[in-house]
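Asker: Starting from these lines, generate the structure:
(3 chains)
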Amino acid sequence: MASPSTLTRRALLGAGGAAALAGTVAAWPRLTGADIPGRGQDALTILILGTSQDAAGRQQIADAFMETHPDIPVLIQSVQATDWGDFFAKILTMVASGTQPDIVYTATEGAQLFAERLALPLDDYLLRDAEEMRDYFEDVHPSLVEAFMYKGSLFQLPLDFNAANMYLNLDVIERNGLEMPGEEWTKDDFTELLRGMKGDATPYYWTNRLFGGIVPWLYVNDTSFLIEERAAGGEGFWSTFYPGEQRSGGYLWTGSNATDDRVHESFEYLRGLVGEGLAVRPEEGGGNTLVGLFASGRIGTTPAGGYWVQGLAEGGMRPEQYDVQFFPKWRSQRHQFGAAGYAVMKTTDKPDQAWEWIKYTASKEAMELAFPTPSTTPTRRSMVSDSLYTGVGPEHWSRFYETLDRFPDTGPIPAPPQQAAVETALIRNVSTALSGGPDLVARSLASLDADLRDVFAEEDPS
Amino acid sequence: MTTDRDSALLRWLFLAPTMLGIGIFVVLPIVGSLVLAFFRWDIITAPQFVGLANFTAMATDRTVGISFLNTAVFVLFAVTAQLVVAMLLAVLVSSRMPGWLRVFFRSTFFFPLVLSAASVSILMKYLFNESYGVINWLLSLLGIPAVPWLTSPQWAMVVVIAVYVWQNFGFSFLLFVGGLSAIPTEVYEAGSIDGATGWRQFRHLTLPLVSPTVLVASVMAIISALQVFDQPYVLTRGGPGDSTRTVVMVIYESAFRELEFGRASAIGLVLMILIMLVTAVQFRLARRFVFYQ
Amino acid sequence: MTRRLPALAKYAALLVAAVLTLGPVWWTFTTSLRPAAESFSLPPSFFPTSPDFSSYAAVFEQIAVPLLVLNSALVTGVVALGQMLTAAMAGYVFARMEFRGKNLLFAIVLSTMMVPVQVTIVPVFMIIRGMGLSDTLLALILPAIPTAFGTFLMRQYFLGLPLELGEAAALDGASPWRTFFSIYAPLALSGMAIVGVLAFNYHWNEFFRPLIFMISEQNYTLPLGLVTLQGNLGTGSISVVLAGVILSMVPAVVVFLFGQRYLREGLTAGSSK
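Answerer: Coordinates of the predicted model:
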C-alpha cells in the first residue's frame, strides 16, 4: 500500500513536522518577546518615541547615568509612531495591555493628557532638591517651564523645544530675484513674497497638525481656536526658581473659540493662499517628504523649528541654501512652540529612582550627550551656540532661542487633556475649511465649534 | 475495541485545537462584544454599565454616521468597479489567444493580490501626490492642471476606491475566469447559429451562465469591502475631514486612540450584523435572478 | 465568445490593463534605484539607467529590516504550519468520522467564517491581555491558527480521497492514527499546501492586527515597519521608503511564482461552497 511517492510524501510530512517543531522551540524567546532586553527584569523602564537606533543613542545617557547610580538599572525602550498623537495612543494601549513603562519622554501635545491621567507631579522632589536644580532653571526660559505646569504642579522638565519659525529656501528666493525678509515682516509681506515665487516650487507648504498647521497663524493674529486661560498656583515654585517672574500655574484650555472673528480671518487668509495657488492644501503627516522637497528646492517657505537643521543637512542641503526667520507679524507676533521632557508614570513603583533619572537628564552633561546635533533645540540657552550650529545651521540660527525672548507671550501648542479628540476635530475641519469657497470656511468653523463643544462637554472618563 | 477508543481519542484530539481556538478567539469575543457594548470602559478604570448609550450615541455621533455613509459609498463604487473590470478582463482573457499570452495576462491581473495593502498604499500615496506625483505629471502632459488627489475631500475617496480596486479586482477576475471556462463551447456554437454575437452573446448567453459566479463574487467582494481599513489608514488617515473614514477605522480609533472599548464593540456588532444581512439578502435574491444550469 | 471581437481592440485593452497593473510596481522599482536627492524629480525615470543602490543600504540603516523580516517570517511561518496541521486534523475528522454533534460542530465552524477579525478586535485584545501575551508575536499567532476556512477546505479535500484506502488499512489492523498519518495525511499534502499558501499570503501582508497588538519596535512586522518608516517624523526620501516596499514584495513574488496554482485554487475554493 505504500508506493514510493507516498513514502516520499510521508517523509516530507514527517520532516516538515519535525522542522516546524524545532523551529518553534528555537524561536520561542522571539515569539514570547522574552528576548527583548529587560523584559521581565526589574529595571527602570524609559520609553521614547523613535526607532531602536534612537534608543541606542539614548543608551549613552543611560550608561552615564548608571555609572553614577550603579544601584539603578535603566532600560531604554522605543516606540515608533507617525506623530505624537499616534505615540500617545500607543502608550494608552500599553497601559491597557498592562505593559506600561516607568518614565515616558513626551511633548507638549501630551503634557496635559499625562498630567491629568498618567503622570506624577514633581513638586515635592523639586523643593527637596532645590539647590541642585538651580543650575538647570537658570539656564532655561520660563515660558518653556510654564508649558509643563498643570493646575499649579510641574510635571516635566523641558529638555528640548521648537518654536514654529519660518524656513525660507534661499535658492527659490534667489531664482525669483526676491529678497530675504526682515524680522519685522508682516503677513502681507509674506503674501507678496509668495506671489513672487514662480516656477515649479510650491511657495508655501504646510502640514495639518497642531504644530506647523493652522495654530501659528491663529497665534500671530492674537487668537486661538480654544479659549485660553491660566490656572492659579505654583507660586512656591516660581518664587524659588524664577524670582520676579510673573508666571501662572499653567495653561488651561477650557472651551471652543472657533467662531471668533479672528479665527475666521486666519482661516480665510490661508484659504486665499490655497485658492491663489500659493500654498498646497494641508496634508496630514508628511514630515520626511517635506524635508526632501525643501532640500531639493521644490518648496519656497514652510513653518518649522530648529529640529529641521539636522534633517536638512542630512538631506544634502547646505547652510547657505536656506535661512530661518520669525513668523510674520499680524496683530501680534506671538509664536507657538512645542517642548518635550520626561514624565514619571503614576503607576511606577520606583518614583525615587525615576526622579534621579529626571534630575540627571536635566544636567548639562546629560543634555550634551542627548543633543549632539541640531535635530532639535535644547532648552538650555547655553547650549544653543556656535558649537552646535557651525557648518550645519542657517545663518540666523540664534532666532530659534531668541523667539522666546523677543516675544514673551509666545505660548505652547494648545493641547488640553483631551488632546486626541481636539486634534482630530481640528484636522478634520481644517482640510474642509480650506478646500472650497469662502462660505465653506464659516461652515467648517461652525462644525469645528460643534465638535469642540462635544469634546469639552464630555466629562472626562477618568 | 481499542480501535474504537482510539478513534474517539483521535477525534477529540484532532478537533481540539481548531474547536478550542475558534471558541476562544471567535465565539468568546462575539459574546464579549455583546456584553462590552453595554458598558463604558477604558480598561484603566472599572467598567460602567451604560445600557444602550453606546448604541444611541452611534445614532447621534456625526463621525460614526459619516463613517457608515462613507463605507456604503465605498462598497457601492468599489465593488461595482471591481466586478465590471474583472468581468471585462476575464472575458477578454478567455477569448482565443496564444496560450503563453493567456498565462501572462492571467498572472498579471492576479499579481496585485499577493502584495500587501499597506505597501501598495504607500507607493500609491506617492503616485497620487499633488505636487510631485507621477499621475499629476502625466496629466500635465495632457494639459490638465494638478488634481489635489489626497488633500481634497472629493478626490480622496476616489483614490481610496481606485487603489482598493487596483489591488482586488484580480480576485473577482480569477472567479470569473473559472466561471467562464466552465461554459461548454457548444453553447456558443449553438448561439452563433442563432446570430448571438458580441454584446448580445455576452448579455444573453454568457452572463446568465456565469451568474452564479457573479453572485458569489459580489457577496465576497461586498464582505471584504465592508471591512476596508488598510488603504484609507495609510493613504489618508480617514481625511481630509472625515471624507474617507470608514467603519473599521472608527472602531480602531474609538478603541485604541480614545480607549472607548464599549463604543468600539457596539460599532463592531453593528458591522457584523450588516455583513450577515448582506449575505442573507444576496442569497435570497439569488433564488430569483440567478440562472442555474 | 468574443472570438469575433476585433483582435486589435482586444489586445490593446488587455495591454492597457496590464500596464496599469504592473506600471505602479515598476515605477516603485525604478524609483527605489534613484539617489535620494533625485527621488522627487520629474519627469520620473522609468528605466534604471544608472541604478543606485544606496536606498537599499539606507533601508537597513533606518529600520531594522532583518528583524522585521524575521518577525514576519516567524508569524507567517508558524501560522501557516499551524493552520495546515490543525485544519488537516479537524478537516479529516469532519470528513471521515461519524459521531454525535458533528453536524452542529461543523455548522459552528462554518458560521464563524463570516466573522471578520475587525469586528471582534476589542475582546480579542482583552483575551490576549488576560493570557499575558500583550506585545508578543504569539498575540498575532495564536488567534490566527484556528481556521474555519482551512478546516472547510481540508474537509472537502479528504472527502475527495478514496474511502477504500482507509478501509483496507483498518482491515490490515492499522490504528486510526496510522491510517491518518501514513495514508491520508501524505495524500492531502497538496490540500495542505493550499491552506499554507493562503495563510502566507494573508499574514505576510497583514496590517490591522500588528498595528494594534505590536507595540515594541522589536515586534514589528514588515508592513507595519514600512508604514512607520514612511510616516516617521524624521527625515527620509521616497527612494528609501520605496526600496523597503520592494524588499517586502520579494517573498510574496516568490510565492506568487512558485505557488500560484495553490493560491488560485485556494482563493477560488471559497466560491464553491
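
Asker: State which helix of chain A is the longest.
Answerer: helix A:4-26 (DSSP state H).

Asker: The helix or strand following that helix: which residues count as buried?
Answerer: Using DSSP states H and E, the helix or strand that follows helix A:4-26 towards the C-terminus is helix A:28-32. The neighbour-count check on helix A:28-32 (16 or more other Cβ atoms under 10 Å in any protein chain shown) flags A:Arg30, A:Leu31, A:Thr32 as buried. No exception for glycine: its C-beta is placed from N, CA and C like everyone else's.

Asker: Find the residue closest to the first one in space, skipping its chain neighbours.
Answerer: If I follow you right, that is A:Arg30. C:Leu74 (6.1 Å; Cβ to Cβ, 6 or more residues apart in numbering or on different chains).

Asker: and that neighbour, which of the three is it?
Answerer: At C:Leu74, secondary structure determined by DSSP: H, G, I helix; E, B strand; the rest coil is helix.

Asker: And the buried residues of helix A:28-32, which is closest to A:Gly182?
Answerer: Closest to A:Gly182 out of the buried residues of helix A:28-32 is A:Arg30 (58.3 Å), distances taken as Cβ to Cβ.

Asker: Flag every residue of chain A that's near chain B.
Answerer: A:85, A:89, A:92-93, A:95-96, A:117, A:202, A:208, A:280-285, A:289, A:293, A:298, A:420-421, A:424, A:427-429, A:431-432, A:435, A:451, A:461-462 (Cβ under 8 Å from any Cβ of the partner chain).

Asker: which among those residues end up buried?
Answerer: Buried among those by 16+ other Cβ under 10 Å: A:85, A:89, A:92-93, A:95-96, A:117, A:202, A:208, A:280-285, A:289, A:293, A:298, A:420-421, A:424, A:427-429, A:431-432, A:435, A:451.

Asker: In strands, which of those residues fall?
Answerer: Using DSSP state E to define strands, the subset of those located there is A:Thr202.

Asker: Now, the buried ones among the residues of chain A next to chain B that are in helices?
Answerer: Reading helices off those with DSSP H, I get A:85, A:89, A:92-93, A:95-96, A:289, A:293, A:420-421, A:424, A:427-429, A:431-432, A:451.

Asker: pLDDT below threshold where in the chain?
Answerer: Going with chain A. A:1-6, A:38, A:208, A:284-289, A:458-462 (pLDDT under 70).

Asker: my question was about chain C
Answerer: In chain C, residues with pLDDT under 70: C:1-5, C:36-37, C:39-40, C:62-63, C:231-237, C:270-273.

Asker: which residue does it bring closest to chain B?
Answerer: Closest to chain B within chain C is C:Pro146: 2.6 Å, counting by Cβ to the nearest Cβ.

Asker: For the stretch 51-200 of chain C, which residues are neighbours of chain B?
Answerer: Counting by Cβ under 8 Å from any Cβ, the stretch 51-200 of chain C sits next to chain B at C:85-87, C:89-90, C:92-93, C:97, C:99, C:105, C:108-109, C:112, C:114-116, C:118-127, C:142-143, C:145-148, C:151, C:170, C:175-177, C:180.

Asker: What subset of these is buried?
Answerer: C:85-87, C:89-90, C:92-93, C:105, C:108-109, C:112, C:115-116, C:118-127, C:142-143, C:145-148, C:151, C:175-176, C:180.

Asker: Give the members of those residues that are also in contact with chain A.
Answerer: C:Leu85, C:Phe125.

Asker: Show me what the helix or strand encompassing B:Phe171 is packed up against.
Answerer: Per DSSP H and E: B:Phe171 is located in helix B:153-181. Packed against helix B:153-181 by the contact rule (3 or more Cβ pairs under 8 Å, 6 or more residues apart in numbering or on different chains; DSSP states H and E) you find helix B:62-94, helix B:99-110, helix B:117-127, helix B:207-226, helix B:230-235, helix C:7-32, helix C:238-269.

Asker: Who are the packing partners of the fifth one?
Answerer: Same thing as helix B:230-235. Using 3+ Cβ pairs under 8 Å, 6+ apart, helix B:230-235 is in contact with helix B:117-127, helix B:153-181, helix B:247-256.

Asker: What residues sit buried inside the second one?
Answerer: Within helix B:153-181, the residues that qualify as buried are B:153, B:155-180, counting by 16+ other Cβ under 10 Å.

Asker: quick one, it and helix B:62-94 angle?
Answerer: 40 degrees (axes from the mean of the first three to the mean of the last three Cα atoms, to 10 degrees).

Asker: how much space between C:Leu22 and chain A?
Answerer: 25 Å (Cβ to the nearest Cβ, to the nearest Å).
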